[in-house]
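Trainee: Below are the sequence and a predicted model for it; my questions follow.
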Amino acid sequence: MIVVHPRLIPSLVFASFLIFVSFPVHADDRPVDREPPLMMGEGSAPTSDAVDYQLWDVPGRSGASPTMVDQRETGRFIVSKTDSDTWSVNERFGHLGIGEPISIPGINTSVPQDLWSIEGGAGYNHQFNNGRQFGLNFNVGSDSDHPFYSIHEDVFRVTANYRLPSGDHNAWLFFLNYSNNRYFLNNVPLPGVGYYFQAYDNRLQGLIGFPFASLRYVPTPNWNAQISIFGPRNVNAEIVRRILGPLKAYTAFQWNAQEWLIADRQDYSNRLIFDKKRVALGLRSPLPGGFLFDVSGGRQFDQRFFVNDSSSYSDVPTAGLPPTWFFQTKLTYRFAVVPNP
């Protein structure tokens with residue numbers, strides 16, 4: 001049973017409205033369950049509009065782990081598209097609601113019960129005649145218990161990327177990213193380079209570089225496996241089996257963190273961080289009209305809240321939470337492919 005705190009109802013209604021605002025007829029037929037780095041390896045320009053909504057629920061137990069409900073909605077929309085240039089906008093909305101206060105020992109700090117993420121931005125991509133691509137994205141928002149409370153709770157992200165083809169299907173990718181809410185090397189202009197490749201009749205796809213790596217292997221039409229790593233503490237891995245028609249079952253492991261800039265904190269370089277690991281079993285299937293439905297459940301463990309200027313929790317006080325069960329549902333809608341004029 002999903003437990004939704006009353007304070008979450010407005011954000012749930014808002015996210016649901018964004019999903020169902022319009023329904024074009026034809027959807028992009030590219031797979032939407034691949035890791036984003038691999039999709040960028042084929043080209044950074046968006047080919048269609050998309051909206052994604054997910055709800056993650058931890059029922060909680062009295063005297064143990066508190067109830068937590070995490071809602072996230074993201075959208076990407078193409079504003080203008082020609083043979084060489086693509087302009088787009090994107091938005092992100094999230095809310096983590098915690099059923100009871102969590103105290104972090106040793107620093108006289110409690111985790112806020114409402115944590116928000118609001119962000120919007122724009123992107124530009126240029127396609128050169130020889131297959132090279134250049135992209136630029138800028139986002140501004142706020143990840144905080146009091147969004148936009150001051151400049152110290154605002155989030156800024158800028159990313160430039162360049163794709164240089166290598167052979168028929170492979171490519172070199174170059175990046176430069178700045179963020180003031182990155183979980184590692186925060187506030188540092190971070191360069192990146194990777195090599196994207198396809199092998200064995202496209203049954204193996206990979207992007208190997210710094211500070212990321214991603215691989216996807218499809219040994220048979222009914223099986224695939226993929227893993228991605230970003231920085232020192234962000235890992236996603238899954239094994240997928242097609243079981244009936246388009247319906248797929250999968251098992252997954254995730255290790256990641258969320259960060260917020262809490263209002264009125266004493267040290268503005270510090271952030272509130274929620275670090276956790278998950279193992280899950282799930283089902284995923286496309287639905288009529290361009291939807292993709294994904295439902296999963298499993299165990300969340302090795303989870304903690306702490307305050308630090310990075311995702312490292314060594315030598316800092318932490319509020320550890322016991323292992324708990326979770327349920328997650330995700331709905332993605334891929335709008336029609338935007339044609340060139």
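Mentor: Nice, thanks for sending it over.
Trainee: Contacts made by stretch 164-174 with the rest, please.
Mentor: The contact list for stretch 164-174 (Cβ atoms under 8 Å, 6 or more residues apart in numbering) reads 40-41, 130-132, 161-163, 191-198, 202, 207, 209. Glycine gets a C-beta too; all of them are placed from N, C-alpha and C.
Trainee: how about a cut-off of 7 Å?
Mentor: 40-41, 131-132, 161-163, 193-198 (Cβ atoms under 7 Å, 6 or more residues apart in numbering).
Trainee: for stretch 107-115, same thing?
Mentor: Against stretch 107-115 from outside (Cβ under 7 Å, 6+ apart): 7, 95-98, 101-104, 145, 260, 262, 272, 305, 307, 317, 319.
Trainee: what mean pLDDT does it have?
Mentor: In this model, stretch 107-115 has a mean pLDDT of 92.
Trainee: Just the CA atoms of it, as PDB, please.
Mentor: Taking Å, rounded to 0.1, in the frame of the first residue of the first chain, the C-alpha atoms of stretch 107-115 are listed here in PDB:
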ATOM      1  CA  ILE A 107      25.800  18.700  15.000                       C
ATOM      2  CA  ASN A 108      22.400  19.600  16.500                       C
ATOM      3  CA  THR A 109      20.800  19.400  13.100                       C
ATOM      4  CA  SER A 110      17.500  17.800  12.000                       C
ATOM      5  CA  VAL A 111      16.600  16.700   8.400                       C
ATOM      6  CA  PRO A 112      13.800  18.900   7.100                       C
ATOM      7  CA  GLN A 113      10.600  16.900   6.400                       C
ATOM      8  CA  ASP A 114      10.000  18.600   3.100                       C
ATOM      9  CA  LEU A 115      12.900  18.800   0.500                       C
END
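Trainee: in that stretch, what's buried?
Mentor: Within stretch 107-115, the residues that count as buried by 16 or more other Cβ atoms under 10 Å are Thr109, Val111, Pro112, Gln113, Leu115.
Trainee: what do you get for stretch 121-132?
Mentor: Under the neighbour-count criterion of 16+ other Cβ under 10 Å, stretch 121-132 has Gly121, Gly123, Tyr124, Asn125, Gln127 buried.
Trainee: Can you report phi and psi for the last one?
Mentor: For Gln127, the backbone dihedrals are phi -100, psi 120 (criterion: degrees, to the nearest 10).
Trainee: check contacts around it.
Mentor: With Cβ under 7 Å, 6+ apart, Gln127 has these contacts: Ala45, Ser84, Gln133.
Trainee: Among those residues, show me the least confident.
Mentor: The lowest pLDDT within the contacts of Gln127 belongs to Ala45, with 78.
Trainee: With adjacent residues omitted, what lies nearest to it?
Mentor: Nearest residue to Ala45, sequence neighbours excluded (Cβ to Cβ, 6 or more residues apart in numbering): Asn125, at 3.9 Å.
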